[in-house]
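J.: Sequence and predicted structure below; questions after.
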Amino acid sequence: MCMKKFVEISKEEYQRYCREKNIDWLQSIEFSKLRERLGARCYFVSLKDGKKNEISGLIFSKNKRFDLVMINSEGISEEIFVDFLVSSERFANEKGAISYRILPKVVRTVRDNKLNIIEEDDLSWLNDPLLKTGFRYYSGFKYEFDMDVNMHVYIKDLAELSKDDVAATYNQTVRRNLKLAEKKGVSICEIEECDFADFVAILESSNLKNGISTRSEEYYHDLKACFGDRTRFVGVKFEGRIISAGVFILSGDEVVYFEGGSLQEYRKIPASTFLQDFMIKEAINAGAALYNFYGITADYQDSLLRFKSGFRGKSIEYAGEYRKRYLIRAMLNKIFRK
């Protein structure tokens, strides 16, 4: 009988694994390339039973801070999944980590549009062994928006929907705003890299209002270079000017609305509603099972949640964040970096 072993694997072997599995975009080869461009080191790891690859994942580190984000448990037994996570902690420790974060893509709760729980899973099988290993738990159900990794997202199920009937599933406000946008004469456009400065300016206009920092233009060039055709930068034009825009990523069986915004001076034109409807229909055409509006907060009165919930989906809270610090090593690292 073969003993399971936790090992590093080549990028090529991990790429073959990714082709066979429904992995999150934050576990993709493309994301590893992006992290490397941003100065991180990437490790491709696997739990193997003999030659059989039970589960593989991407761990990245920067400044000795290690992360394993949105690792998917789909099709994996609880025992093997936990074995992989616990083994990954030993790996990070051996590599000299001063901290290690694990953010599993495991559903904890499903909530309605007022964030009342309608489904809840007992994740003691996941929590107990990680806490025993020295991790601390932090909920993904937060009252502030997270620009890092979102463990609380809003998702619309596209199964059995067509582009012709999907609008009937939206609420009255969204349907009314779509008619208004059409009446105003807005149109969709693809945003080319030469226009990324305008794209960033649109993000800044929205982010300043919400107190959120904006990434550099270079980041989006890197994102496009790494993800290629799996990412689209799409805008809404009004009288020849792009007034709303977003970046969308194809991730397994879902389309992810990663980030977007609108120029505040045109806020009376519901361009963002028009953009979301267009991309939902594009996702249906591409055969995607889900449309992921991405992050939301734990405040059901938050304007971002109210906007996204108008498209009639559901709130998904993933397991949360498990964080471990190696205190002595972290203290020594701080001393010697001074």
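T.: The structure has been received and is ready for your questions. Numbers count the residues shown, from 1 in each chain.
J.: Strands along the stretch 101-250 of the chain, start to end?
T.: Secondary structure of the stretch 101-250 of the chain (DSSP state E, counting those that start in this stretch): strands at 107-111, 117-120, 136-138, 152-157, 187-190, 231-238, 241-251.
J.: Of those strands, which is nearest Arg329?
T.: Closest to Arg329 of these, according to C-beta to C-beta: strand 136-138, at 16.6 Å. Yep, even glycine has a C-beta here, placed from its N, CA and C like the rest.
J.: What's the local residue count around Asp299?
T.: 15 (other C-beta atoms under 10 Å).
J.: Give me the phi and psi angles of it.
T.: phi -100, psi 110 (degrees, to the nearest 10).
J.: now it: how far from Leu305?
T.: Asp299 sits 7 Å away from Leu305, going by C-beta to C-beta, to the nearest Å.
J.: just to revisit the earlier point, in TSV, list the strands of the stretch 101-250 of the chain along with distance to Ala271, mean neighbour count and mean pLDDT.
T.: Output for these, formatted as TSV (distance: least, C-beta to C-beta, whole Å; neighbours: other C-beta atoms under 10 Å; pLDDT from 0 to 100):
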stretch	distance to Ala271	mean neighbour count	mean pLDDT
strand 107-111	28	19	94
strand 117-120	32	11	94
strand 136-138	35	13	93
strand 152-157	19	21	95
strand 187-190	10	12	98
strand 231-238	4	20	98
strand 241-251	4	22	96
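J.: how is the chain carved up into domains?
T.: The chain breaks down into these domains under automatic domain parsing: 4-105+122-137+323-337, 160-288.
J.: among the strands of the stretch 101-250 of the chain, which is nearest Lys21?
T.: Comparing the strands of the stretch 101-250 of the chain by C-beta to C-beta, strand 241-251 comes nearest, at 12.0 Å.
J.: Note down every partner strand of the helix or strand just after the closest one and its orientation.
T.: Later in the chain than strand 241-251, the nearest helix or strand by DSSP states H and E is strand 254-262. Strand pairing for strand 254-262, using DSSP bridges, gives strand 241-251 (antiparallel), strand 290-295 (parallel).
J.: continuing past strand 254-262, what's the next helix or strand?
T.: helix 271-285.
J.: wait, what's in contact with the closest residue in space to Tyr14 that isn't next to it in sequence?
T.: Of all residues not flanking Tyr14 in the chain, Phe44 sits nearest, at 3.8 Å (C-beta to C-beta, 6 or more residues apart in numbering). By C-beta atoms under 8 Å, 6 or more residues apart in numbering, the contact set of Phe44 is Glu8, Ile9, Ser10, Lys11, Glu13, Tyr14, Ser32, Ser56, Gly57, Leu58.
J.: in stretch 33-42, what's buried?
T.: By neighbour count on 16 or more other C-beta atoms under 10 Å, the buried set for stretch 33-42 is Lys33, Leu34, Arg35, Ala40, Cys42.
J.: Quick check: end-to-end length of that stretch?
T.: End-to-end distance for stretch 33-42: 9 Å, by C-alpha to C-alpha, to the nearest Å.
J.: ditto for stretch 49-67
T.: 24 Å.
J.: and what of stretch 311-328?
T.: Terminal-residue distance, stretch 311-328 (C-alpha to C-alpha): 49 Å.
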